[in-house]
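Novice: Let me see the structure of the following:
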Amino acid sequence: MRVASVFMIMPPAELNEELAKHADQFQCYLATEFPGYQFQVVDLRMLRPVERGQKVRFGDGTTFAVLPLMGSTGVGERTVEMPPSELILEISEACSRFSVNRRRYVA
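Specialist: Just a heads-up that it's a prediction; the model follows:
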């Protein structure tokens, strides 16, 4: 079975606006750091309230949340497996090191 290779990245709330503006550069940086994986930055402003003002949130809102995209066949079997927790932690740490000022990661 394959391991998930596509990840959604949810930035901390205070970095959301900056990373939304530079999503292509951020995704290029992550793809360079983790060849063979794909990344999609989630703009938190696009998330709709779920119920009475609550917003969808993964993690504690102060660190990067890294969510592997996994699906199922509908009969209880996953199409991909969960990646190792070490990889998710490494991706989160790499997200924290990203700097918009690094021009080498221009998409």
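Novice: got the contact list for stretch 86-95?
Specialist: With contact meaning C-beta atoms under 8 Å, 6 or more residues apart in numbering, stretch 86-95 is reached by 7, 9, 11, 26, 29-30, 33-34, 37, 63-66, 68. C-beta: built from backbone N, CA, C; applies to glycine.
Novice: Now tabulate those in CSV and tack on secondary structure, neighbour count and distance to Leu87.
Specialist: As requested, the contacts of stretch 86-95 are arranged in CSV below (DSSP: H, G, I helix; E, B strand; the rest coil; neighbours: other C-beta atoms under 10 Å; distance: C-beta to C-beta, whole Å):
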residue, secondary structure, neighbour count, distance to Leu87
Phe7, strand, 23, 9
Ile9, strand, 22, 13
Pro11, coil, 24, 19
Phe26, helix, 23, 18
Tyr29, helix, 23, 16
Leu30, helix, 22, 12
Glu33, helix, 17, 11
Phe34, coil, 16, 8
Tyr37, coil, 17, 9
Thr63, coil, 14, 16
Phe64, coil, 20, 14
Ala65, strand, 19, 14
Val66, strand, 23, 9
Pro68, strand, 18, 9
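Novice: what's the closest of these to Leu44?
Specialist: Sorting these by distance to Leu44 puts Pro11 at the head of the list, at 7.2 Å, by C-beta to C-beta.
Novice: residue contacts, the closest one?
Specialist: Taking C-beta under 8 Å, 6+ apart as the criterion, Pro11 is in contact with Leu19, Val41, Val42, Leu44, Phe64, Cys95.
Novice: From Gly36, how far off is it?
Specialist: For Pro11, the distance to Gly36 equals 22 Å [C-beta to C-beta, to the nearest Å].
Novice: What of Glu18?
Specialist: If you go by C-beta to C-beta, the gap between Glu18 and Gly36 works out to 27 Å.
Novice: which residues in this protein form helices?
Specialist: Shown for the chain, the helices assigned by DSSP state H span residues 16-21, 23-33, 85-97.
Novice: winner for burial among those helices?
Specialist: Each of these was scored by mean neighbour count; the highest is helix 23-33, a mean of 18, by mean count of other C-beta atoms under 10 Å.
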